[in-house]
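> Any chance you can model this:
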Amino acid sequence: MSRFSVILALAGLSVPAIVAQQERPNGFPAHWFAPIPEDQAQWWEILPQEAGAGEVILSKRHELGTFSNLAPTPFYFHGKRYASVEGLWYSLAYPEGPDDPRSKAPGITWKFTREQVSQMTMFDAKDAGGLAEQNMAAMGINWVTFEGKRMKYSSTEKGDHYQLITKAIWEKVRQNPKVRDLLLSTGDLVLKPDNFDSLRDLPAWRYFDIYMEIRATLRSGAALPPTERYPAHWRTPVSEVNKPDSEILPQAAKPGEVILSKRHELGILSNFAATPFTLHGKRYASVEGFWQMMLYPEGPDDPRAKARGITWAHTREEVAQMTAFDAKDAGGFAEENMKKMGIDWVTFEGKRMKYWSKEPGDHYSLILEAMRAKLEQNPRVAEILLSTGDLVLLPDHFQEEDPPAEWLYFKIWMDMRSSLQNADRSPSLTSK
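Coordinates of the predicted model:
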């Protein structure tokens, strides 16, 4: 009797009729089935040669280990990035916040935060989960949470937890083309786990069964289930009653689009957002503050400061530290002054540049530089931008017809998003 059969029997699990090494199926890589000496096996491991006829073990010893929940295959789910399915899985076992009863349980300590676990992979995530399961046993609970909702954890039913894990694995496949291609390359092989824990009669644990269902859907050409990549509230309709006339509401987005609404976290991509950054050694409270500041005199010798009949409600420094509509209103005041003076130029560090130009010029380049600084110096901005995936970004306000390129901030963000997505690591965008 093989080691595999002995361990299954001791664990009270059924022993497959065929456990001896089978002849390798034609058309598949030989190393998927290459025998490993049993004395080299991990205690938890099912070796490749344990596959029966028409089966393959999803061994972590080669590329099929990509299908393991432990594998570092980052994906977005409900707008949040997870480093692995295992990271998502065990983050559910950790408290969602200080008011979570798991946080308040007497005698219970948590070595990691939920956020930390969500960014773990491999055995770091597995070990963090083991600690959480010990806490769950100590508290006498068999539930975990996602977005505030409790769900049964260990269950023989395909309940909420199973549905959540299935959706997460779908997103892993959708968002990692190599995972999708590898899955399809397994053809009609019956996928089997490389660990004994996954053989239990707990549907959520049986990731190999989930992958075979996904593979069948992909091969059939049937409609895929709706994506769970993006948060539902990005598209939640908002009443038009009392909305500002200039606002474009979230529901205006078509499939494949999203409005960068200030009503939720995508508003961080607005020039209005309070996302301080330093540029050329000076701090600015927002891109809007930086933008409108250039309309103001640089000092007493600036011709704008000397223009007859012109007053300035703010100093240049004051505007630089403004955000949102304070900065916008300060800019509106300055534009009225520019009209009175008959000028269409602004300044930065003493240099004049055309303000409204059909061709991208110095002003465009400067705004681009400011947006890059905002991105690089505010990690949350990069996080939110990347969470938009391949959605077409659209503004949340109506714009003038055929505006200069720097007014199209949403297009600039899409260019920067592509740079981030294509980089092997977090890039410095200053060379773009």
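> What segments of this structure are strands?
55-57, 75-77, 80-82, 143-146, 149-152, 190-192, 257-259, 277-279, 282-284, 345-348, 351-354, 392-394 (DSSP state E).
> could you measure K339 against Y296, distance?
15 Å (CB to CB, to the nearest Å). The C-beta positions use only the backbone N, C-alpha and C, and glycine is treated the same way.
> Repeat that for R102.
Counting by CB to CB, the gap from R102 to Y296 is 53 Å.
> With distance to N378 added, can I get the strands of the chain in JSON lines?
JSON lines is the format used below for the strands of the chain (distance: least, CB to CB, whole Å):
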{"stretch": "strand 55-57", "distance to N378": "45"}
{"stretch": "strand 75-77", "distance to N378": "19"}
{"stretch": "strand 80-82", "distance to N378": "16"}
{"stretch": "strand 143-146", "distance to N378": "27"}
{"stretch": "strand 149-152", "distance to N378": "30"}
{"stretch": "strand 190-192", "distance to N378": "42"}
{"stretch": "strand 257-259", "distance to N378": "20"}
{"stretch": "strand 277-279", "distance to N378": "7"}
{"stretch": "strand 282-284", "distance to N378": "12"}
{"stretch": "strand 345-348", "distance to N378": "21"}
{"stretch": "strand 351-354", "distance to N378": "25"}
{"stretch": "strand 392-394", "distance to N378": "17"}
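> Quick check: the gap between K358 and M341.
For K358, the distance to M341 - CB to CB - is 22 Å.
> The two: which has the busier surroundings?
It is M341, of K358 and M341, that has more neighbours when counted by other CB atoms under 10 Å, with 15 against 10.
> so the more buried one touches D302, yeah?
No: judged on CB atoms under 8 Å, M341 makes no contact with D302 at a distance of 11.4 Å.
> between K339 and Y296, which one's more packed in?
Between K339 and Y296, counted using other CB under 10 Å, the more crowded position is Y296 (25 against 10).
> can you pull the contacts of the more buried one?
304, 312, 314-316, 319, 334 (CB atoms under 8 Å, 6 or more residues apart in numbering).
> which residue packs closest to it, ignoring adjacent ones?
Among residues not flanking Y296 along the chain, R316 sits closest, at 4.1 Å (CB to CB, 6 or more residues apart in numbering).
> which ones are touching the one you found?
293, 296-298.
> What score does Q42 have for pLDDT?
Per-residue pLDDT puts Q42 at 90.
> ok, it to D194 distance?
From Q42 to D194 the distance is 9 Å (CB to CB).
> Give me the more crowded residue out of those two.
Comparing Q42 with D194 by other CB under 10 Å, the one with more neighbours is D194, at 23 against 11.
> which one is that one nearest to, not counting chain neighbours?
Distance criterion CB to CB, 6+ apart; nearest residue to D194, sequence neighbours excluded, is S59 at 4.6 Å.
> and the one you found, what does it touch?
Neighbours of S59 in contact, by CB under 8 Å, 6+ apart: 32, 46-48, 65, 194.
> Generate a PyMOL selection restricted to the buried entries among those residues.
Burial among these is assessed by 16 or more other CB atoms under 10 Å; the matching PyMOL selection reads:
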select buried, resi 32+46+47+48+194
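> Take the contacts of S59 and write them to TSV, including distance to L131 and pLDDT.
Listed next are those as TSV, based on distance: CB to CB, whole Å; pLDDT from 0 to 100:
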residue	distance to L131	pLDDT
W32	34	96
I46	25	94
L47	28	95
P48	31	95
G65	24	96
D194	23	94
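> how about the contacts of S59 in a markdown table, adding distance to A138?
Output for the contacts of S59, formatted as a markdown table (distance: CB to CB, whole Å):
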| residue | distance to A138 |
| --- | --- |
| W32 | 41 |
| I46 | 31 |
| L47 | 35 |
| P48 | 38 |
| G65 | 32 |
| D194 | 30 |
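> Show me which of the contacts of S59 is closest to D160.
D194 (27.0 Å; CB to CB).
> any idea how far Y207 is from the closest one?
Per CB to CB, D194 is found 11 Å from Y207.
> any common contacting residues for these two?
Common neighbours of D194 and Y207 (CB under 8 Å, 6+ apart) are S68.
> Low-confidence stretches in the stretch 251-400 of the chain?
Within the stretch 251-400 of the chain, not a single segment meets pLDDT under 70.
> Which residues does stretch 349-363 contact?
Contacts to stretch 349-363, defined as CB under 8 Å, 6+ apart, come from residues 280, 294-295, 298, 338, 344-347, 364, 366, 402, 404-406.
> Return the set of buried residues in that stretch.
Going by 16+ other CB under 10 Å, stretch 349-363 has these buried residues: 353, 355, 363.
> export that stretch as PDB, just CAs?
Extracted in PDB, the C-alpha atoms of stretch 349-363 (Å, rounded to 0.1, in the frame of the first residue of the first chain):
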ATOM      1  CA  GLU A 349       8.900  80.000 -10.800                       C
ATOM      2  CA  GLY A 350       8.900  83.100 -12.900                       C
ATOM      3  CA  LYS A 351       8.200  81.500 -16.200                       C
ATOM      4  CA  ARG A 352       5.200  82.500 -18.200                       C
ATOM      5  CA  MET A 353       3.100  79.900 -20.000                       C
ATOM      6  CA  LYS A 354       0.000  79.900 -22.100                       C
ATOM      7  CA  TYR A 355      -3.000  78.900 -19.900                       C
ATOM      8  CA  TRP A 356      -5.600  77.700 -22.500                       C
ATOM      9  CA  SER A 357      -3.900  75.900 -25.300                       C
ATOM     10  CA  LYS A 358      -5.200  73.300 -27.800                       C
ATOM     11  CA  GLU A 359      -1.700  71.800 -28.000                       C
ATOM     12  CA  PRO A 360      -0.100  70.300 -24.900                       C
ATOM     13  CA  GLY A 361       2.500  72.800 -23.800                       C
ATOM     14  CA  ASP A 362       4.400  74.000 -20.700                       C
ATOM     15  CA  HIS A 363       1.200  74.200 -18.600                       C
END
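> quick one: the residue nearest to Y296 from K354, how far?
Taken as CB to CB, the span from R316 to K354 is 19 Å.
> swap in Y82?
In terms of CB to CB, Y82 sits 46 Å off from K354.
> picking that back up, please produce a markdown table containing the contacts of R316, extended by distance to T186.
Below are the contacts of R316 laid out as a markdown table (distance: CB to CB, whole Å):
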| residue | distance to T186 |
| --- | --- |
| M293 | 58 |
| Y296 | 64 |
| P297 | 68 |
| E298 | 65 |
